[in-house]
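**Q** Sequence and predicted model, in that order:
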Amino acid sequence: MKISIFSDLSSCSLMYIADAIYLVLKGYDNIDKISLRNNDLKKCPKKIFDRFPETKIFNIESNKISEIPDELSTCTSLKGLNAANNLLTAFAESIYSLENLLILDLSGNQIVGRSFIQLDWQFMLIFSKRSYGFGKKLRIFSTLDMKLRFVLFLISKQFMLSEIDVDRLYENCSKLAKLNLSKNPLSDEVRQKLESSPKKPENLRLTL
C-alpha cells in the first residue's frame, strides 16, 4: 500500500526553494501533499512539479507569487490548489489542464478576469492623435505610431491573459466542488458567467 507523505515547508521565511531541499527529499517519491504557505516566495518553484508529479494538494497561500507556471499542468492528479493572498494578475493557463481538481482557491489576488483588447484600440486612437499633435514630420509620426502600436499590442496581450474562460474551466475541471475567487477585481460579466454558465458543475460551491 502506498503511504501518503506531507511535506510542510510553511512559515519558514523561504524566498526560494534551494536545491538542497530537493536533495533532502530525494527518495520520497510518494510525497503528494506540499505546503509552502506563509513564506516570501516571489516565484512558484517549477522544479517541484517535475520532482513530485503525483502531488494531490499544493498550498502556496500568502506569498508574493505573481504567476503560476505552465509546469503545473503536468500534475494531473492534483485535487487541491490554494494560491490565495498572492500577487496573481492572471488566471493561469495551466489550471485548465487539472481535470481532477476539486478545490481551487485564488482569493485575495488581483485577477481581473477579462480581456482589454477593445480598450487597446481606443487607447491606440487617443495616443496616436496625441502623437500627431506635436507638429513633427510625418515620418517621425509614423515611427512613433508604429512603436506605440507595438507597445499597446504587448500590453493588450498581457491583459488578455487575465481573461477567465469560464466555460472551458467548468468543462475541463468538471469535478470542481469549491471555487473561491473572492477579493479579486472581477468584472460583472465574468461574475455572471461564473454563476450562470450551463457548464457549471452541479455541486460547485462558488465564492465571489
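**A** That came through fine.

**Q** got a list of contacts for stretch 56-65?
**A** For stretch 56-65, the external contacting residues (Cβ atoms under 8 Å, 6 or more residues apart in numbering) are 4, 10, 32-44, 72, 75, 77-88, 105. Using the backbone N, CA and C atoms, a C-beta is placed for each residue, glycine as well.

**Q** Grab the nearest non-local neighbour of the residue nearest the centre of the chain.
**A** Residue closest to the mean C-alpha point of the chain, counted by Cα atoms, centre = their mean, is Ala92 at 3.2 Å. Spatial nearest neighbour of Ala92, excluding adjacent residues (Cβ to Cβ, 6 or more residues apart in numbering): Ile68 at 3.7 Å.

**Q** quick revisit: quick one: buried ones out of the contacts of stretch 56-65?
**A** 10, 32-39, 41, 44, 72, 75, 78-86, 88, 105 (16 or more other Cβ atoms under 10 Å).

**Q** quick revisit: state the pLDDT value of the residue nearest to Ala92.
**A** We have a pLDDT of 97 for Ile68.

**Q** Surely it touches Thr89?
**A** No. Look at Ile68 against Thr89 with Cβ atoms under 8 Å: they stay out of range, at 10.9 Å.

**Q** Between these two, which has more neighbouring residues?
**A** Ile68 (22 against 17; other Cβ atoms under 10 Å).

**Q** who are the neighbours in contact with the more buried one?
**A** Ile68 touches 44, 83, 88, 92, 94-95, counting by Cβ under 8 Å, 6+ apart.

**Q** go on, Leu41?
**A** Applying Cβ under 8 Å, 6+ apart to Leu41 gives the contacts 14-17, 60, 63-65.

**Q** ok, 6 Å please
**A** Leu41 makes contacts with 63, 65, as judged by Cβ atoms under 6 Å, 6 or more residues apart in numbering.

**Q** Which pLDDT value belongs to it?
**A** 98.

**Q** picking up where we left off before, out of the buried ones among the contacts of stretch 56-65, which are inside strands?
**A** 32-35, 80-82, 105 (DSSP state E).

**Q** out of the residues you listed, who's nearest Ser182?
**A** Nearest to Ser182 out of those is Asp105 (Cβ to Cβ; 9.1 Å).

**Q** And the closest one, how close does it get to Pro69?
**A** Using Cβ to Cβ, to the nearest Å, we find Asp105 at a distance of 18 Å from Pro69.

**Q** can you check Ile57 too?
**A** Distance of Ile57 to Pro69, given as Cβ to Cβ: 18 Å.

**Q** Repeat that for Arg168.
**A** Distance from Arg168 to Pro69, counting by Cβ to Cβ: 19 Å.
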